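Trainee: Next input, structure requested:
(chains A and B)
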Protein chains: 2
Amino acid sequence: MTTKRKVEVFSAGCPACTDVETLVKSLACPSCEVDMLDMRDIAVAQRAKTLGVRSVPAVAIDGRLADCCAGRGIDEASLRAAGLGQP
Amino acid sequence: MTTKRKVEVFSAGCPACTDVETLVKSLACPSCEVDMLDMRDIAVAQRAKTLGVRSVPAVAIDGRLADCCAGRGIDEASLRAAGLGQP
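Mentor: Prediction:
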């Protein structure tokens, strides 16, 4: 019995996230087991943190973040460079 | 009268977002006018779309996305490369 590919979609229920839920559903095949996970659930948020999720929507496949979601997030240097906190 | 710097924080209320709300508040100065915007509000989601927001949290300063948030989002090619939809 072949094991299915585990697809975790981390979402917070906003339009940016629901667009991705639709995209993933449209791309998934019978070998894909897709889980839509709500980041406002603390257990989901903890799982996301262990995978390195820093923004949503995010997609992990077999426990690994897809490249488009990996290493992405807000960083202080970029915010300062954009002017935040400059009197 | 100097105009304040407009700081828009797009959030969907998940832990990844609330961490950034805290970061922005800690970096903001009296010259910064910070608005926390809930992406589940359709008017906010439309504003975010015009700025090119594709993931949250996202921060725009004076109407321009900070570099760390710009051009970021889920793309079909990365999802396929990660195995999604391969029978």
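
Trainee: right, is the lengthiest helix in chain A up against chain B?
Mentor: In terms of residue count, the longest helix belonging to chain A (DSSP state H) is helix A:15-27. Yes. Using C-beta under 8 Å from any C-beta of the partner chain, we find that helix A:15-27 touches chain B at A:15, A:16, A:17, A:20, A:23, A:24, A:27. C-beta: built from backbone N, CA, C; applies to glycine.

Trainee: centroid residue for chain A?
Mentor: Geometric centre of chain A, nearest residue: residue A:58, 1.3 Å, by C-alpha atoms, centre = their mean.

Trainee: Distance of that residue relative to chain B?
Mentor: Per C-beta to the nearest C-beta, to the nearest Å, residue A:58 is found 8 Å from chain B.

Trainee: Read off the pLDDT value for that residue.
Mentor: Note for residue A:58: predicted pLDDT of 95.

Trainee: residue contacts, it?
Mentor: Taking C-beta atoms under 8 Å, 6 or more residues apart in numbering or on different chains, we find residue A:58 in contact with A:9, A:10, A:48, A:51, A:65, A:66, A:69, B:55, B:74.

Trainee: Number of residues surrounding the third one?
Mentor: Read that as residue A:48. The number of residues packed near residue A:48 is 24, by other C-beta atoms under 10 Å in any protein chain shown.

Trainee: before we move on, what about the one 3 residues further on?
Mentor: Number of residues near residue A:51 (other C-beta under 10 Å) recorded here: 16.

Trainee: My guess is it contacts residue A:59. True?
Mentor: No. Counting by C-beta atoms under 8 Å, residue A:51 stays clear of residue A:59, with 10.1 Å between them.

Trainee: Is it correct that residue A:34 is in contact with residue A:25?
Mentor: Yes. Using C-beta under 8 Å, residue A:34 is in contact with residue A:25, at 6.7 Å.

Trainee: Show me where chain A has its helices.
Mentor: A:15-27, A:42-51, A:76-81.

Trainee: Just the buried positions in the longest one, please.
Mentor: It refers to helix A:15-27. Within helix A:15-27, the residues that qualify as buried are A:15, A:16, A:17, A:19, A:20, A:21, A:23, A:24, A:27, counting by 16 or more other C-beta atoms under 10 Å in any protein chain shown.

Trainee: again with the last one
Mentor: Of the residues in helix A:76-81, A:78, A:79 count as buried by neighbour count, 16+ other C-beta under 10 Å.

Trainee: what does that helix contact?
Mentor: For helix A:76-81, contacts defined as C-beta under 8 Å, 6+ apart pick out A:85, A:86, B:23, B:24, B:27, B:59, B:61, B:66, B:67, B:68, B:69.

Trainee: No further questions, thank you.
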